[in-house]
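>>> Sequence plus predicted model, see below.
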Number of protein chains: 2
Amino acid sequence: MEWTREKRYLPYSKWDADTLLHLQAQAANSPYQMHYHLHPISGLINDPNGFSYFNGEYHLFYQSYPFGAVHGLKSWVHFKSSDLVNWESLGLAVEPDTMADSHGAYSGSAREIDGKLFLMYTGNHRDENWVRIPYQVGAWMDKNGKVADKTILFKNPDHITEHFRDPQILKQNDTYYAILGAQDKAEKHGHIDVWKSKDLKNWEELGFLDMGTDDLGYMIECPNIVRVDGHVVVIFCPQGLDKKIADYDDIYPNMYIIADDIDFENHKLINPGKLHNLDKGFDVYATQAFNAPNGKVYEISWVGLPDTTYPTDNENWANCLSQVKELSIKDGKLMQKPVSAMQELRYNEKEISDENKASQQYEAELTIKAGQKGSLYLAANDNLTSGLKLDFDTENGTLILNRSNAGQKVSVDYGETRQANFEANTDLKLNIFIDHSLIEIFVNDGEEVLTGRYFADQNNTKLAFAQKTHYNGKLWQMKTIL
Amino acid sequence: MEWTREKRYLPYSKWDADTLLHLQAQAANSPYQMHYHLHPISGLINDPNGFSYFNGEYHLFYQSYPFGAVHGLKSWVHFKSSDLVNWESLGLAVEPDTMADSHGAYSGSAREIDGKLFLMYTGNHRDENWVRIPYQVGAWMDKNGKVADKTILFKNPDHITEHFRDPQILKQNDTYYAILGAQDKAEKHGHIDVWKSKDLKNWEELGFLDMGTDDLGYMIECPNIVRVDGHVVVIFCPQGLDKKIADYDDIYPNMYIIADDIDFENHKLINPGKLHNLDKGFDVYATQAFNAPNGKVYEISWVGLPDTTYPTDNENWANCLSQVKELSIKDGKLMQKPVSAMQELRYNEKEISDENKASQQYEAELTIKAGQKGSLYLAANDNLTSGLKLDFDTENGTLILNRSNAGQKVSVDYGETRQANFEANTDLKLNIFIDHSLIEIFVNDGEEVLTGRYFADQNNTKLAFAQKTHYNGKLWQMKTIL
């Protein structure tokens, strides 16, 4: 089947329900489907949206195209949770049903305001000549999940191209601010554009955020600002970023900057640091973070990349979300660790021995003693000729995730290994989460995270060291959440 | 909207996907929706089907009409579980896509045979004059959930009317047997019809099962035979049963008989006992039971009744399944108790006090001391003017569940109270499961069960005794499973 433009933008009402039921069953029955991470009910998912706390629960949406593994006409699908781990699926929430979002209810954020959840997102509109107009839309969700009162708030000003999207709604004192990814018309550079409003109706552009670095590539997507341990952290996705500014391997990276503070009115970070790659693995993008009312800061990411195909495309579904991580700052560096409720998914604890028939759904916690080099295989076959390989060197403080021989290939043009560094000559603690075709590795309690997809044979469930290694560790099966 | 015959039997491919996505979201967002019981993804569900153990997991399906709260064109929707409590939704599995099941893939059973799951069910076919032909169909499901090779096994013989359905596949020694609900042409009485096959292809009718009672009404649906603690238990749904034979209040009851044994070849129960009402509550029907390989016997029921409307019909969805119960026999009586994994859903344990703001999702375990009469309110408002009322009398050994003042009304023509009896002058132990609009009450560890739907305001979450009562008890919030 060819995915023509016409087909990708066909209204949902022109698809038939039998096709959708089959797509839903196909996604549910796939051996690659995730079981304790948010995943597609059918079709393709991408950015997390509207991550927020409302009416006593956490809410989250994701970008969804329900009819195949392509970026077609997007809607928001809704989930809620009391613990950020066990999610309840509430289905289609924001659909492309107005002029402003006629070609997709694109990404955005949410914030509880006066007993309702205010959604602010980009309505993707194309005119009759297929020229894009990026409307920034406001909408209100009530406690029963009903979304109403969609209103166009503003569109791209004259100095910004059609690449203007992904608003994050923020509040400081009595003023609302929104930050958006933008491309200026003059230089075609990527920026974070800052807007303000007193009433959520009348919006005024303040200008591009000064982050201390001149050229951040040709576009920035999915900007987020959170306050973490007395600092301001900006998380964003620069496209076309010069690798001299910050090292990365993926087609597009997800970066962050730590600053002392932000001056919204003068659209300026105070004492911004350098760019850092948020995740040292393969497939993290479009991370969304927010300051929760309990004082904690949470993030969740799309595990998937733009302009990238995955093996499950042949099964008509693609991608998933990461687990939710809690953010903190230690020694000037962002720490990302699993939320506490992740431990409640654990069952059937056992000690890790040299040869482990694990499963497709587990967490392994390992401490590898200092002064060793070696390899740990995961999702491997019995004789370790196929599997994810994790090369550790605690003398030099390096960890390399290698998916070159782990089954079906993904994005080989961007390399098949990823590296994280840690303090040399110390023990190395790893928390490794395996969920069928997703791996998340937390290094030393979240100093680094490596996230990636892999597509191994479902019988390849061995976890083993390639050589005699001094370590101790535990392994837990993980419950299915959804 | 009027549910014409044409509309109810419209192929799934003639419905549009946008409508289905909205129906799914509506069912998910309803305040009456169950959260730790299997419930509709959209539309109406009824009988559990294919309850079985296959490929190391429990499998279950239910009858589904996805497009509204009516009995339209039915399909099977698939779930699996490792513990009979946490189910994974696998979506549409058996659809009405052949001549034999053109008007619905109706109820049936499943059994693991030679590495596949054999499904045996009733294909509902209507000819051009709308005359029903009940084909009994075999199909095979592989380990990836794919159903193939649908074959017509047999249809109603000449002496049986079109009311011939719900095959349960059984095996004894080297022979397969099937039992079906049937109505004879001569007398228009309900029967359980027994068939045999050596190869699952060639089937021979043995005759109506002699259960020791002449007239069991005009039709029997959903017959099941299980072996429990050295006895044979027949669970079935007689329609039009004379209340002199067995007492019941619902429009149609779900009954059981305990016998010493069954002689399949002579289609005869050995020393059958009397009929007993399986559930003393309001809404249990179409119970399906099977002997699991671990030696235990499990049942699950439709919570819903034929020819009955429910308040959620207005929300375009209806009904749910009960929790799975484990069967045993004690003093000649069937015991039904929660499976052990139900306890793993519990969290936030607290002692029950005289005034409890509970939730819409909890288990309460109470022991009411002997020698007391009184009332316990559940799902009640603050001043107890609205709520489910449970009148207990431990002097006389009676328990009455009253839903007359619990919110929106259901089936008032069949009475608004249900009674269970227990041994007088003893303590009364109750395990009460509340799931938004479903109540399941286990009396004295499963000597009796009362199951019912109710439709209270979602703010009515009080649990309280109407008068000073001597008791002790605990209350747990229950996790969401799906």
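In hand now; what should we look at?

>>> How much space separates the nearest residue to A:D215 once chain neighbours are set aside from A:K274?
In space, and not counting its chain neighbours, A:D215 is closest to A:H189: 6.0 Å by C-beta to C-beta, 6 or more residues apart in numbering or on different chains. For every residue, glycine as well, the C-beta is placed using N, CA and C. According to C-beta to C-beta, to the nearest Å, A:H189 and A:K274 sit 18 Å apart.

>>> can you pull the contacts of whatever residue of the stretch 351-482 of chain A ends up closest to chain B?
Of all residues in the stretch 351-482 of chain A, the one sitting closest to chain B is A:T480 (5.6 Å; C-beta to the nearest C-beta). The neighbourhood of A:T480, defined by C-beta atoms under 8 Å, 6 or more residues apart in numbering or on different chains, consists of A:35-36, A:361, B:86, B:88.

>>> what's the single longest helix in chain A?
Longest helix in chain A by number of residues (criterion: DSSP state H): helix A:17-29.

>>> picking that back up, would the residue of the stretch 351-482 of chain A closest to chain B count as being in a helix?
No - the assignment for A:T480 is coil, going by DSSP: H, G, I helix; E, B strand; the rest coil, so no helix is present there.

>>> pLDDT score assigned to it?
According to the prediction, A:T480 has pLDDT 94.

>>> With A:E88 instead?
Per the predicted model, pLDDT is 96 at A:E88.

>>> you'd agree it is up against A:L60?
No - checked against C-beta atoms under 8 Å, the pair A:E88 and A:L60 is beyond contact range at 10.4 Å.

>>> taking the mean pLDDT, what do you get for the host helix or strand of A:N356?
Assessed by DSSP states H and E, A:N356 sits inside strand A:355-357. For strand A:355-357, the mean pLDDT works out to 81.

>>> got the residue ranges for the strands in the stretch 1-150 of chain A?
A:43-54, A:57-65, A:75-81, A:87-94, A:105-113, A:116-126, A:132-141, A:147-154 (DSSP state E, counting those that start in this stretch).

>>> Let's have those in JSON lines, adding mean neighbour count and distance to chain B.
Converted to JSON lines, the strands of the stretch 1-150 of chain A look like this (neighbours: other C-beta atoms under 10 Å in any protein chain shown; distance: least, C-beta to the nearest C-beta, whole Å):
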{"stretch": "strand A:43-54", "mean neighbour count": "25", "distance to chain B": "11"}
{"stretch": "strand A:57-65", "mean neighbour count": "24", "distance to chain B": "10"}
{"stretch": "strand A:75-81", "mean neighbour count": "24", "distance to chain B": "8"}
{"stretch": "strand A:87-94", "mean neighbour count": "22", "distance to chain B": "3"}
{"stretch": "strand A:105-113", "mean neighbour count": "24", "distance to chain B": "13"}
{"stretch": "strand A:116-126", "mean neighbour count": "23", "distance to chain B": "13"}
{"stretch": "strand A:132-141", "mean neighbour count": "22", "distance to chain B": "11"}
{"stretch": "strand A:147-154", "mean neighbour count": "16", "distance to chain B": "10"}
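
>>> Please convert those to a markdown table, extending it with distance to A:P338.
Converted to a markdown table, the strands of the stretch 1-150 of chain A look like this (distance: least, C-beta to C-beta, whole Å):
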| stretch | distance to A:P338 |
| --- | --- |
| strand A:43-54 | 16 |
| strand A:57-65 | 15 |
| strand A:75-81 | 14 |
| strand A:87-94 | 15 |
| strand A:105-113 | 23 |
| strand A:116-126 | 26 |
| strand A:132-141 | 28 |
| strand A:147-154 | 31 |
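
>>> who in the stretch 101-250 of chain A is up against chain B?
A:144-146 (C-beta under 8 Å from any C-beta of the partner chain).

>>> From those, list just the buried residues.
A:G145 (16 or more other C-beta atoms under 10 Å in any protein chain shown).

>>> which one of the residues of the stretch 101-250 of chain A next to chain B sits closest to A:K462?
A:G145 (43.2 Å; C-beta to C-beta).

>>> Once you drop chain neighbours, what's closest to that closest one?
Going by C-beta to C-beta, 6+ apart, A:G145 has B:N29 as its nearest residue, at 4.2 Å.

>>> now the end-to-end length of stretch A:411-421.
This stretch, stretch A:411-421, spans 23 Å end to end (C-alpha to C-alpha, to the nearest Å).

>>> How about the contacts made by the closest residue to A:W76 other than its chain neighbours?
Of all residues not flanking A:W76 in the chain, A:V94 sits nearest, at 3.7 Å (C-beta to C-beta, 6+ apart). A:V94 makes contact with A:61, A:75-76, A:101, A:105, A:119, A:121, A:139, A:147 under the criterion C-beta under 8 Å, 6+ apart.

>>> circling back to that earlier point, when A:H189 and A:K274 are compared, which one has more neighbours?
A:H189 (18 against 12; other C-beta atoms under 10 Å in any protein chain shown).

>>> From chain B, how far out is that one?
Per C-beta to the nearest C-beta, to the nearest Å, A:H189 is found 39 Å from chain B.

>>> cool, and A:N291?
26 Å.

>>> Would you agree A:V410 is in contact with A:R453?
Yes - proximity of A:V410 to A:R453 meets the contact threshold set by C-beta under 8 Å, at 6.1 Å.

>>> Give me the more crowded residue out of the two.
Counted by other C-beta under 10 Å, A:V410 and A:R453 do not tie: A:R453 has more neighbours, with 28 against 21.

>>> wait, that one sits on A:L305?
No - counting by C-beta under 8 Å, A:R453 stays clear of A:L305, with 9.7 Å between them.

>>> hey, what's in contact with both of the two?
A:D283.

>>> pretty sure A:G452 is touching A:R403, no?
Yes - in this structure A:G452 lies within contact range of A:R403 using C-beta under 8 Å: 6.2 Å.

>>> So which of the two has more stuff around it?
Each of A:G452 and A:R403 has its neighbours counted (other C-beta under 10 Å); A:R403 has more, 27 against 23.

>>> How confident was the prediction at that one?
Confidence score, pLDDT, at A:R403: 98.

>>> which residues does the nearest residue to it once chain neighbours are set aside contact?
Nearest residue to A:R403, sequence neighbours excluded (C-beta to C-beta, 6+ apart): A:Y454, at 4.9 Å. A:Y454 makes contact with A:379, A:388, A:403, A:406-407, A:410, A:437-439, according to C-beta under 8 Å, 6+ apart.

>>> What does the residue of the stretch 351-482 of chain A closest to chain B show for phi and psi?
phi -80, psi 140 (degrees, to the nearest 10).

>>> beta partners of the closest residue to A:H39 other than its chain neighbours?
Excluding the flanking residues, the one nearest A:H39 by C-beta to C-beta, 6+ apart is A:C320, at 4.4 Å. Beta-bridge pairing for A:C320 (DSSP bridges): A:V303.

>>> What is the burial count for A:C320?
There are 25 residues near A:C320, going by other C-beta under 10 Å.

>>> for A:L38, phi and psi?
The phi/psi pair for A:L38 (degrees, to the nearest 10) is phi -70, psi 130.

>>> Report the separation between it and A:K325.
A:L38 is 14 Å from A:K325, by C-beta to C-beta.

>>> residue contacts, A:N460?
Here A:N460 is in contact with A:379-381, A:386-387, A:407 (C-beta under 8 Å, 6+ apart).

>>> what's the helix or strand for A:K350?
strand A:346-351.

>>> pretty sure A:A466 contacts A:L384?
Yes - with contact defined as C-beta under 8 Å, A:A466 reaches A:L384; the gap is 6.6 Å.

>>> In stretch A:373-391, which residues are buried?
Buried, per 16+ other C-beta under 10 Å, within stretch A:373-391: A:374-381, A:384, A:386-391.

>>> Cool, thanks, signing off.
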